[in-house]
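**Student:** Have a look; sequence and predicted model below, questions after that.
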Amino acid sequence: MVGLSLLGATAAAGSSAPPDTVAAVPVSEPADDASALAPVDVLQVSGLFDPVTVRSIDDAIARSEANGSQALILQLNTGGSVVSEAEMTDLLQTVADAKVAIGVWVGQSRDARAYGPPAQLFGVADVTAMVAGSRIGHTGPLLTLDGTEVDLGAGADRLRSGSMSFSEARQLGVLRLDTSDEGVPTVKSMVLAMDGAEVNVGGEVTVLDTVTEQLDDEGNTENAATLVRFSGLGLIDEIFHTVASPPMAFLFFTIGCCLLIFEFFTAGVGVAGFVGAVLTIFGCYGFSVLPTRPGAIALLVLAFLAFAIDVQVGIPRLWTGVGTTLFVLGAWFLYEPLPGNDLRLGWLTLFVGIAGVLLTFVVGMPSMVRTRFATPTIGREWMIGSTGLAVGAISPEGVAQVGASKWRARTNRATPLAAGDELRVIAIDGVTLEVEPLEGAARDYRERRPKHDTEPAPADTAQPAEGVAGR
């Protein structure tokens, strides 16, 4: 084992290392007693306590016990828990029964929080500390371990439904580490402050030894901290933990549904469909973990169905407005509040979600659908003379159905069509059909030729509409 300089420990405290990474900077040759110090592990825990987080703490405790570590520090910054009471009780029991000393530290930002049932870790851990400026509280009813409630000292009643700062927690005896008025600002400080702390590990009182003295190259005495090893979530666990955060679950579900609708109306199974399916599954997983309101999820689904109706006709109209209203309501009421954390989506997340959906279904999708439907008409004059029906009022623009497809249509202002009226295609202008009422229309489209055309118009009204193509 090598000793660590205080500078090395400071550098380690600011790192974000992968699991089982050793954060160490060797110094001059340590004394024999320094080499005997067992390592201290640090697990960084942020975000809501979900099944991934609980499992990672269980694994970290088992790993520290197997590796012979003298302590495991849980670095907390959490707004609450979304696991069941039974799962949280099992976690507290695991921490209480651990064969390695467990330290809980709320840090390292001054904005760090330990809210909800995770704050009850302060009642079962061997050493607890906070950064000045951080807060704990909103524990809810205290859980029971082996028939005894978790002990949070004199501040237990206040912590159930409120929160307190570092100074208040220190004054009421919630913290189990005697620190200065500045609290414990860094991981290095936490490791150094644990030196000499008496802990009960496996039924035996043990004194932690995290700092030793050694001589530098010039023969002067200096302190060296024990080896500090940082760990965090693995790649797969990190993905699922990220997905189970309120904004990410909402955005993944929204983007996934948009891509699936896009893929459906492009009549293919490609990259967009695959990515959309994956994101939708991730979003549904996040919704299943988080405290979501089923009614709000139903509103989101209905919103996308409403959007799809107008996408089919290629023009944003009534159903786009209905979909927008349902989407906003569903997003606003999506999550149930947690103690001390209402989980409501932030304004930035709402803006990104709503703006993205409107751009998709008001601008992007209608253009895509019109382009797709217009493709067969390029150089296809066979549609001229075809008959169809007005899907809605065409006055002067609207939607017409010719055959099995719907098209954007335009008619003369003097000859508007009501919904359900029969019509005839007289020309194609880009992706828009020019139509007129079937009843009262010209007997033959060759009658619409310019006046300088001297060819007489035939009397047979059943002739094909070759003349329109030659206009």
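**Tutor:** Perfect, thanks for sending it.

**Student:** close enough to count as contact, residue 153 and residue 173?
**Tutor:** Yes. Counting by Cβ atoms under 8 Å, residue 153 does reach residue 173; the two are 4.0 Å apart. The C-beta positions use only the backbone N, C-alpha and C, and glycine is treated the same way.

**Student:** out of these two, which sits in the busier spot?
**Tutor:** Neighbours were counted for residue 153 and for residue 173 using other Cβ atoms under 10 Å; residue 153 has more, 14 against 11.

**Student:** any weak-confidence spans in the chain?
**Tutor:** For the chain, the stretches with pLDDT under 70 are 1-36, 178-182, 212-225, 266-269, 313-314, 368-381, 430, 440-471.

**Student:** what's near enough to touch the residue nearest the centre of it?
**Tutor:** For the chain, the residue sitting closest to the mean C-alpha position, by Cα atoms, centre = their mean, is residue 248 at 0.8 Å. Residue 248 sits next to 242, 286 when contact means Cβ atoms under 8 Å, 6 or more residues apart in numbering.

**Student:** in what helix or strand does the closest residue to residue 324 other than its chain neighbours lie?
**Tutor:** Excluding the flanking residues, the one nearest residue 324 by Cβ to Cβ, 6 or more residues apart in numbering is residue 358, at 6.6 Å. In the assignment (DSSP states H and E), residue 358 maps to helix 347-358.

**Student:** Tell me which residues of that helix come out buried.
**Tutor:** 349-350, 352-353, 357-358 (16 or more other Cβ atoms under 10 Å).

**Student:** residues making contact with that helix?
**Tutor:** 247, 250-251, 254-255, 258, 307, 324, 327-328, 331-332, 345.

**Student:** got the contact list for residue 162?
**Tutor:** Residues near residue 162 by Cβ under 8 Å, 6+ apart: 137-138.

**Student:** Quick check: the gap between it and residue 290.
**Tutor:** 24 Å (Cβ to Cβ, to the nearest Å).

**Student:** And residue 417, how far from residue 392?
**Tutor:** Distance, residue 417 to residue 392, by Cβ to Cβ: 9 Å.

**Student:** Need the overlap of contacts for these two.
**Tutor:** Common neighbours of residue 417 and residue 392 (Cβ under 8 Å, 6+ apart) are residue 398.

**Student:** More neighbours: which of those two?
**Tutor:** Taking neighbours as other Cβ under 10 Å, residue 417 and residue 392 compare with residue 417 leading, 23 against 17.

**Student:** pretty sure that one is touching residue 410, no?
**Tutor:** No. Using Cβ under 8 Å, residue 417 is not in contact with residue 410; the gap is 10.5 Å.

**Student:** what is in contact with the two at once?
**Tutor:** Counting by Cβ under 8 Å, 6+ apart, the shared contacts of residue 417 and residue 410 are 394, 398, 435.

**Student:** Who is the last one paired with across the strands?
**Tutor:** I take that to be residue 435. Residue 435 has these beta-bridge partners by DSSP bridges: residue 425.

**Student:** again with the first one
**Tutor:** Each beta-bridge partner of residue 394 is listed here: residue 417, as defined by DSSP bridges.

**Student:** neighbours around it, how many?
**Tutor:** 25.

**Student:** And the second one, by the same measure?
**Tutor:** Other residues within reach of residue 398, judged by other Cβ under 10 Å, total 23.

**Student:** about what we covered before: the buried residues of helix 347-358 into TSV, with extra columns for distance to residue 82?
**Tutor:** Output for the buried residues of helix 347-358, formatted as TSV (distance: Cβ to Cβ, whole Å):
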residue	distance to residue 82
349	18
350	21
352	23
353	21
357	26
358	30
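
**Student:** Closest one to residue 70 out of these, please.
**Tutor:** The closest of the buried residues of helix 347-358 to residue 70 turns out to be residue 349 (Cβ to Cβ; 42.3 Å).

**Student:** Quickly note the distance from that closest one to residue 69.
**Tutor:** 39 Å.

**Student:** Distance of residue 97 relative to residue 62?
**Tutor:** Taking Cβ to Cβ, one finds residue 97 at 12 Å from residue 62.

**Student:** let me fix that: residue 83
**Tutor:** In terms of Cβ to Cβ, residue 83 sits 19 Å off from residue 62.

**Student:** Looking at those two, which has the bigger crowd around it?
**Tutor:** residue 83 (20 against 14).

**Student:** what about residue 158, how many residues close to it?
**Tutor:** Neighbours of residue 158 (other Cβ under 10 Å): 17.

**Student:** thinking it is in contact with residue 164, fair?
**Tutor:** Yes. At 6.3 Å, residue 158 and residue 164 qualify as touching, with contact defined as Cβ under 8 Å.

**Student:** which residues are in contact with both of those two?
**Tutor:** With Cβ under 8 Å, 6+ apart, residue 158 and residue 164 have common neighbours 137, 172.

**Student:** Just give me how far stretch 265-279 sits from the chain centre.
**Tutor:** Taking Cα atoms, centre = their mean, to the nearest Å, one finds stretch 265-279 lying 20 Å from the centre of the chain it belongs to.

**Student:** before we move on, what about stretch 418-435?
**Tutor:** 46 Å.

**Student:** Going by neighbour count, list what's buried in it.
**Tutor:** Neighbour-count burial for stretch 418-435 flags 421, 423-428, 431-435 (criterion: 16+ other Cβ under 10 Å).

**Student:** just stretch 273-280 next, same as before
**Tutor:** 273, 276, 279-280.

**Student:** do you know how far residue 37 is from residue 145?
**Tutor:** With Cβ to Cβ as the criterion, residue 37 and residue 145 are 31 Å apart.

**Student:** more neighbours, those two?
**Tutor:** residue 37 (23 against 19).

**Student:** Secondary structure element holding that one?
**Tutor:** For residue 37, there is no enclosing helix or strand under DSSP H and E.

**Student:** what does the one 4 residues further on give?
**Tutor:** Mapping residue 41 onto the secondary structure by DSSP H and E places it in strand 40-46.

**Student:** Could you list every helix and strand in contact with that strand?
**Tutor:** In terms of contacts (3 or more Cβ pairs under 8 Å, 6 or more residues apart in numbering; DSSP states H and E), strand 40-46 is packed against helix 51-67, strand 71-77, strand 228-231.

**Student:** partners of that strand, with directions?
**Tutor:** Applying DSSP bridges to the sheet, strand 40-46 is found paired with strand 71-77 (parallel), strand 228-231 (parallel).

**Student:** Okay, angle between that strand and helix 51-67 too, please.
**Tutor:** 180 degrees (axes from the mean of the first three to the mean of the last three Cα atoms, to 10 degrees).

**Student:** Give me the contact list for strand 40-46.
**Tutor:** Counting by Cβ under 8 Å, 6+ apart, 16, 23, 53, 56-57, 60, 63-64, 67, 69-78, 187, 191, 194, 210, 226-232 sit against strand 40-46.

**Student:** If we use 6 Å, what do you get?
**Tutor:** 60, 64, 69, 71-77, 187, 191, 226, 228-232 (Cβ atoms under 6 Å, 6 or more residues apart in numbering).
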